[in-house]
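1. Okay, sequence plus prediction incoming.
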Amino acid sequence: MSHFRHHVFFCCNQRGEGETCCNNAGATVAQTYAKDRIGALRLKGAGKVRINKAGCMDRCDEGPVLVVYPEAVWYTYVDHEDIEEIIQEHLVHGRIVERLRI
């Protein structure tokens with residue numbers, strides 16, 4: 001059994017000027033928002049949800065991106081509303097958000 005029910009990794013890679021990367025699309029801000037929301041919802045910790053930053057996940061052209069394990073579901077997002085939908089639908093209710101899935 002996994003230590004966490006869901007483990008979420010946000011690509012927060014920062015490439016050079018002019019290069020496509022998730023961090024230029026607000027990934028660090030989105031990761032912080034998700035981490036704060038999981039804490040506020042009391043979903044943080046063993047047997048629950050873990051939100052982490054990751055280095056390059058090699059999908060920046062589709063990004064910004066995050067991946068939810070153990071399901072290995074990849075998402076893209078635009079704003080906090082998209083992150084909130086992933087939290088509520090996937091992490092809380094176990095339903096994949098098809099419109100954001102890549």
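-> Here it is on my side, so go on.
2. those strands in this protein, which residues are they?
-> Using DSSP state E, the strands of the chain run over 6-11, 49-54, 65-69, 73-76.
3. which other residues reach the shortest one?
-> Taking contacts as CB atoms under 8 Å, 6 or more residues apart in numbering, the residues outside strand 73-76 that touch it are 59, 62-68, 82, 86, 90, 96-97, 100-102. C-beta coordinates here come from the backbone N, C-alpha and C atoms, glycine included.
4. Buried members of these into PyMOL, please.
-> A single PyMOL command is used to select the members of the contacts of strand 73-76 judged buried by 16 or more other CB atoms under 10 Å:
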select buried, resi 59+63+64+65+66+67+68+82+86+90+97+100
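5. picking that back up, give me whichever of the strands of the chain is most buried.
-> Each of the strands of the chain was scored by mean neighbour count; the highest is strand 6-11, a mean of 22, by mean count of other CB atoms under 10 Å.
6. Can you tell me how far the residue nearest the centre of the chain is from residue 53?
-> Nearest to the mean C-alpha position of the chain, by CA atoms, centre = their mean, lies residue 66 at 3.8 Å. Separation of residue 66 from residue 53 (CB to CB, to the nearest Å) stands at 10 Å.
7. before we move on, what about residue 77?
-> From residue 77 across to residue 53, the span is 15 Å (CB to CB).
8. do the same with residue 20
-> Distance, residue 20 to residue 53, by CB to CB: 18 Å.
9. which residue packs closest to the residue nearest to the centre of the chain, ignoring adjacent ones?
-> Closest residue in space to residue 66, ignoring its immediate chain neighbours: residue 10 at 4.6 Å, by CB to CB, 6 or more residues apart in numbering.
10. ok, the one you found touching residue 26?
-> No: contact between residue 10 and residue 26 fails when scored by CB atoms under 8 Å: they sit 10.2 Å apart.
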